[in-house]
Structures are given as C-alpha cells and as structure tokens.
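Asks: sequence plus the predicted model coming up.
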Number of protein chains: 2
Amino acid sequence: MMRLPEFSDVKAAYDRIEGFAVRTPLLENTVLNERVGGRVLIKPEILQRTGSFKFRGAFSALRKFSGDQKRGGVVAFSSGNHAQGIAEAARILKMPALVVMPSDAPSIKKKGVIDRGGEIIEYLREDNNREALAAELCKQRGATLIPAFEHSDVISGQGTAGLEAFSDLEARDITADQLVCCLGGGGLMAGIGLSRDALSPNTRLIGAEPTRFDDHKRSLRSGVREVNASMSGSICDAIMAPSPGEMTWAINRGRLSDVALCSDDDVKNAMRFAFEILKLIVEPGGAAALACILNGSVETKDRTSVVVLTGGNVDPALFASVIEAR
Amino acid sequence: MMRLPEFSDVKAAYDRIEGFAVRTPLLENTVLNERVGGRVLIKPEILQRTGSFKFRGAFSALRKFSGDQKRGGVVAFSSGNHAQGIAEAARILKMPALVVMPSDAPSIKKKGVIDRGGEIIEYLREDNNREALAAELCKQRGATLIPAFEHSDVISGQGTAGLEAFSDLEARDITADQLVCCLGGGGLMAGIGLSRDALSPNTRLIGAEPTRFDDHKRSLRSGVREVNASMSGSICDAIMAPSPGEMTWAINRGRLSDVALCSDDDVKNAMRFAFEILKLIVEPGGAAALACILNGSVETKDRTSVVVLTGGNVDPALFASVIEAR
C-alpha cells in the first residue's frame, strides 16, 4: 500500500490543479431548504471540468509525471468519469491516455474520452480482471497506471473539493453540521475527510450508497472491508465499486459517522428534483447524496448540510426517461 | 411614462433583494471557451430563486409596497417567469398575488405559481387585451399592477444581475468585451445597461432574439419601436413580447451595440449543449444568448463575453425531445 496522504498533500494538490480545475461554487436553493427543513449548500462538481470531480484527482496525479512517464503515457480503468478526467488531464499535459472501461458505460462518458483524444478498451463489467488487464497494458506500453482511487495523488486531488468547500464556508462564517457525499471506491470522501480534519473538524461526514451497493455501510458496522454481492444492478453506474479501497478505507473508517442508503427510485426522484428545482443535470451516481437527504435517511432538520453532486454525465435517453416518468 | 431608473436605483434595488435573491456566480467552461475561441463567463440566472432572473424585479417592486398596497395584493400579466417571480415575492411578503398567463404557458411555470400560493387567470396568447384584463382585475380587487418590464422598480431589480456580474468581474480583474442577453420586453437588458454604464463602460451590450421576434433588431435599425408580426410561433415562450417596452427602449436604444438572431434549431442546439457540456437546464428563451454565440452570429474569437442564461423553467416533455433529437 502506498503512503497514505495527509492534508498537506491536499494543499499541494490544490496548487497543482489551480487554474486548470474549476473552483466550483457553493449553491443554495430555497425550495430545497424548505423541503428538508434545514440549510443545504450544494457543491456542484457537475460543473467541474469533464462534468465530474474526477478531473481533480487525475490532474493531480498526472501533473507529477516525469518526462519518461509522460512519454509512456497513462493507463486507467474506470466506469467513465475517472476515464474522462484522465483523458482530459493527459490532453492538457500532452501525453497518451488509454482507459479500460466497462462495455455498458454511458455513451456520453465514452464520447467524453474519445473527444479528448483518449483511447478506450472495453471489458465486461462482471469480469473482475480489469486490474490485470490494465497492468498488462502498462507493461506493453511502458505506461503508468493511475487507479481511480487507490493512489495518494488521486485522493489528495479529490480532497481539493473539500478544501474549497470548507474554505468557502469559513469565509462566509458558516459551519456545516454534516457533509453528505456518495461512496464508490471512497476516494472523494477520503480526500474530503483530510480537509475536514484540518478545516472543519466539527462537520460530520455521511456517506451515501445505493441499497444494493452498501459495502461501506456494512464495512463500517463490521470493521472490515465488505464486498458487494454483484457488480451490476444499480442505476448508479459511477459508484458500483466492488468494495471500499484499501487506502481509502484506511482513511475513511475513522472519519465516517454514518452511511445512508438510497434506492434507484430515490435516485430518480433526486434527478427529477434537480431538473425541476435546481436546474442542474445530475447523473444517477452523482445524485445519491441528494437522494439520501430527500428520502429522509439523512437527518437534515435545523442542520446545515453540504451535499456534493459528484457528476453530471448521463445519457440523454436515460435522463429523458427519468424526468418524464411521474 | 414613469420616471426612468438610474444606476442609483439599481443599487437601492440590490439592497432590497439582498438576502432574498440568490447572488448567482459566474461560471466558466473550458469546452465552451475552446468551441468559440474566446473566453465566456456565464451568468446562470437559472439558479435564481424561481428559476429565472424575474424574481429580482418582482421582489424589488413588491418590497416597496405600502401596508395598503399589501392588503390589496399584486396583479401581473406574464408568460410565466415574471408570474413565478411575483408569486414568490408575494408569498415572502405575505400578500395575495394574481397573475394573468397565456393558456399555452409551460406547465412547470403554472405549477411554479400555484405551488407558491399564486392565483392564475388564463388568456389566449394571440389576444392583445391582457393589459386591459389586468387593469380591470386591479380595479375589482384594489390591487396594484406590476408589469413585467415597464416599471422603474422592476427594471432596477433586473439590473442587479448586471451589478453582480460586473462587480464580480472587477473583483477578478476581468474586463468583458461584451455581454450577450436575450431581449423580450427588454427589462433585463435595460437594468444591465444602467449597471454597465457605471461599472464597466467599455463592455458592449448585444441582444439576442429569435429570428421571427426581431423587434429590437429592427427597432435599432429604424430608430422607432417596431412590432412583431405575430405573438406566437417561436419555441422561446419567455421572450415573445410584442415590441420593445416604452421605458425599456428609452434606456436600451442608446446602449445596445447590436442584436443577434437565432432560429428555433439554434436554440435547441444550445439547450443540448447546456445539457451535455454545461450540465445546466436552460429553457428555450433562456438559451437565446448562448444560441447566438454558438451559431456564430455574435463574434467571440479572442474576446471575453458574458452570456446570461435567463431562465430554466422548461417542461420535461419538451426538454426530453430536445436532448434526444440528434
């Protein structure tokens, strides 16, 4: 296992991504506040470069590549948002990027990789050998693997979202009681946790997971990294990781206060709410945290909550079916 | 004609709406910048309370009501966004609100009025007697009419969007070469024009209109207020005003540098771009300015442009059909 990152690494990552990543604002909506009986500040990572927070970690990692590493390029495996972050970071830094993606990844995510000059190799989501495949490709090409969350520079990069949110809150003299963020591999939450410790120690961290991908929730209860029974079967394509990462779990286990769950229907309701009221496009996985405050599984009454909308890369046909169903 | 507002009125309006209206951020997207070969800063009034800038003017006006006026309440006629702004402002300030809306107004806009406790009377869009109807209703109820743009406090309120944008640009040391904003009655542009004069005198103001509702463009050429041939027939329900307002035109005529045009297809392309790349929900009229920079009718190369996305209240069925068509 790599060295675990600390808050100083998050600050260093911020210096690397500044001017390249979007410093996303905190948004507030009175209808949402009234609905949940508390104050909600939205961190819209859908507005991040490539439409998800993943660009932060990808650029944070690739910016540290040596000249030799750049020539070999980068390999990543990803359900689609890390893939786009890697492709965009590689395009900016002028190196080749190859991503291994599940064949059922949303078209908009595949297109996002190709439009940015990345190369895609597809695999079947149910296969568990994507790591082996990626390792083999690295060997063939002399490339460097940048995993989606098990990497110090990636976790530090994602943590910049937390650094921004907590700094902006402090500047406005607001203390958040809790921050709600979805959990796939746990990289974003881990990075946010490092920022939380340093900048807003009284803010509780609450994870959000799809009901059938409750590996973090079960892990928090059992104390060991639990594995999901399946690798498919949720609308939340972005957060169907097999289990908490080793590094991310080492960070998250002592920092997560709780994990809330949401069904596919809860997620669709949240996407519809975001369409109708927030006027934001949120993809299923990116809507999980919002779903967990709207379905009542996270207590929000008289509290100030930060909710991270992690991504907005959703295919038109799926989005249309969600907003039209009522 | 009422007294024309000045920049001091915009500042006073800002004091009235502060803490009630959303101070919307300026957003930037690298794909958009690359696409148009320049820098674009988006003022997303879709994130404003009620999903459009109209809340600014409505609250600015209603906040000045006397106790007597509050008891009688407010009457407005509106294609839907002013209606929602009025209903929300009236709800906050605890007075009755009655709005006269075209029968073909989007359902989401009617719902937005009713959900906020407003009362709706419908009329046929092709009828031109909505002013007479509204005046009659005011008399019956002892209510005060707040028109959608021909009112000093409304124009001043809309101008706060410009005040915010130009102040935020100055704080970031950016000078915009031009600001592009759609034109219906011209109230928003008029208010922005007052702010522009005071805060960013070198920024050119460019209007955006649907091809068949080019009344401002023709008025700018002829020097007199031209009238549109029809009151229907564009996808842009929010900006199909019959002609420039008398007050708004008195302000806009000397300040507008040009007016660009966009077709319904251009507007749909812009909405699709906002979905795919910006991750923002924009209604047809609200997308007109974006449409005019994407269709090339506004020169953007090597320029810094502010583009106002004025509203995001679009029915799911229409939005679905737009994003799925390709």
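Replies: On my side now, so go ahead.

Asks: run a quick neighbour tally on residue A:39.
Replies: Per other CB atoms under 10 Å in any protein chain shown, the neighbour tally for residue A:39 reads 17. C-beta coordinates here come from the backbone N, C-alpha and C atoms, glycine included.

Asks: can you count the residues close to the nearest residue to it once chain neighbours are set aside?
Replies: Spatial nearest neighbour of residue A:39, chain neighbours left out: residue A:304 (4.5 Å); criterion: CB to CB, 6 or more residues apart in numbering or on different chains. Residue A:304: 18 surrounding residues under other CB under 10 Å.

Asks: for residue A:304, what are phi and psi?
Replies: Residue A:304 has phi and psi values of phi -100, psi 120 when expressed as degrees, to the nearest 10.

Asks: got it, and residue A:98?
Replies: Dihedral angles for residue A:98 - degrees, to the nearest 10 - are phi -120, psi 130.

Asks: do you know how far it is from residue B:147?
Replies: Remark: distance between residue A:98 and residue B:147 (CB to CB, to the nearest Å) = 60 Å.

Asks: so those two - more neighbours on which side?
Replies: Set residue A:98 next to residue B:147 and count neighbours by other CB under 10 Å: residue A:98 wins out with 24 against 21.

Asks: I'd say the more buried one and residue A:74 touch.
Replies: Yes - between residue A:98 and residue A:74 there is a contact under CB atoms under 8 Å: 7.4 Å.

Asks: joint contacts of those two?
Replies: residue A:143 (CB atoms under 8 Å, 6 or more residues apart in numbering or on different chains).

Asks: how about the helices in the stretch 201-326 of chain A?
Replies: Along the stretch 201-326 of chain A, counting by DSSP state H, counting those that start in this stretch, helices occupy A:215-222, A:246-252, A:264-273, A:288-294, A:316-324.

Asks: try the stretch 51-200 of chain A
Replies: Using DSSP H, counting those that start in this stretch, the helices found in the stretch 51-200 of chain A span residues A:54-62, A:67-72, A:81-93, A:107-115, A:130-141, A:152-171, A:187-199.

Asks: which one, of these, ends up nearest to chain B?
Replies: Closest of those to chain B is helix A:107-115, at 6.8 Å (criterion: CB to the nearest CB).

Asks: for chain B, what's its nearest residue on the stretch 51-200 of chain A.
Replies: Counting by CB to the nearest CB, the stretch 51-200 of chain A gets nearest chain B through residue A:51, at 5.7 Å.

Asks: what's the neighbour count on that residue?
Replies: 31.

Asks: one more: residue A:91?
Replies: 15.

Asks: so which residues on chain A come close to chain B?
Replies: A:22, A:25, A:27-30, A:44, A:46-47, A:49, A:51, A:108, A:275-282, A:312, A:316-317, A:319-321, A:323-324, A:326 (CB under 8 Å from any CB of the partner chain).

Asks: buried only: go through those residues for me.
Replies: Buried subset of the residues of chain A next to chain B (neighbour count, 16 or more other CB atoms under 10 Å in any protein chain shown): A:22, A:25, A:27, A:29, A:44, A:46-47, A:49, A:51, A:108, A:275-282, A:312, A:316, A:319-320, A:323.

Asks: just checking, which of those belong to strands?
Replies: Secondary structure from DSSP state E places residue A:44 of those in strands.

Asks: that older thread, which residues does the residue nearest to residue A:39 contact?
Replies: A:38-41, A:174-178.

Asks: would you show me how to pick out the buried ones of these in ChimeraX?
Replies: A single ChimeraX command is used to select the members of the contacts of residue A:304 judged buried by 16+ other CB under 10 Å:
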select /A:38,39,40,41,176,177,178
